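*Asks:* coordinates for the following, if possible.
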Amino acid sequence: MTPEEVLARLDAPLSLRKRVGYLALGFAGLTGSALIGLLWATEPGLPPRTQVAFAVLVAIGLGWAAFGGWAVTRRAPLFARDRVVAGWFGVGAWLAFTVGGFVISLLRHRLEPALLGVVVVLGVLAAVNLRAARRARATLLRRRAELAG
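*Replies:* Down below sits the predicted model:
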């Protein structure tokens, strides 16, 4: 493959497969948020810990829906920017889950050891995913600069 062909592939917008995937992700986040929101709205008298859990889940679902919409509407090449944004969103979702989990634990006056384990595992996964996304983007940008220069 010539450098011009590689550069043309790097400058291409998202493929149809990725667009459909991001569209499905957006609809899944929106659907999940809507269903949890409906359940939350139709169940009066829920305990505060359940309301906190529902709020966290609705926020995470809406965030994924917004990310899916953002990725689908990009016309310019992303150079793995979508991966980096998803990585940062994963870190944000982990943080929302962690705060929500600890608020629920405080409301129950008991800290579950399983919560700590889940928080640590999800935090490590979010950080590893973000690091891999940033490295992939840096590699693509470096390669584009080498081919263009």
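*Asks:* tell me where the protein has helices.
*Replies:* 3-10, 16-42, 48-73, 81-108, 113-148 (DSSP state H).
*Asks:* which sections of this protein are below the confidence cut-off?
*Replies:* For the chain, applying pLDDT under 70 flags the ranges 1, 3-12, 76-77.
*Asks:* swap the cut-off to 80 and go again
*Replies:* Scanning the chain for pLDDT under 80 picks out 1-15, 74-80, 107-109, 112, 144, 147-149.
*Asks:* the closest residue to Val58 other than its chain neighbours: neighbour count?
*Replies:* Leaving aside its sequence neighbours, Val58 sits nearest to Ser33 (C-beta to C-beta, 6 or more residues apart in numbering; 4.8 Å). In short, each C-beta sits where N, CA and C put it, glycine included. Counted with other C-beta atoms under 10 Å, residues neighbouring Ser33 total 20.
*Asks:* begin at 364 from here
*Replies:* Sounds good: first residue 364 from here, last item Ser396.
*Asks:* surely Ser396 is in contact with Leu425?
*Replies:* Yes: here Ser396 reaches Leu425: they are 4.9 Å apart, a contact under C-beta atoms under 8 Å.
*Asks:* touching, Trp427 and Val448? I think so.
*Replies:* No: if you go by C-beta under 8 Å, Trp427 and Val448 don't touch, sitting 11.3 Å apart.
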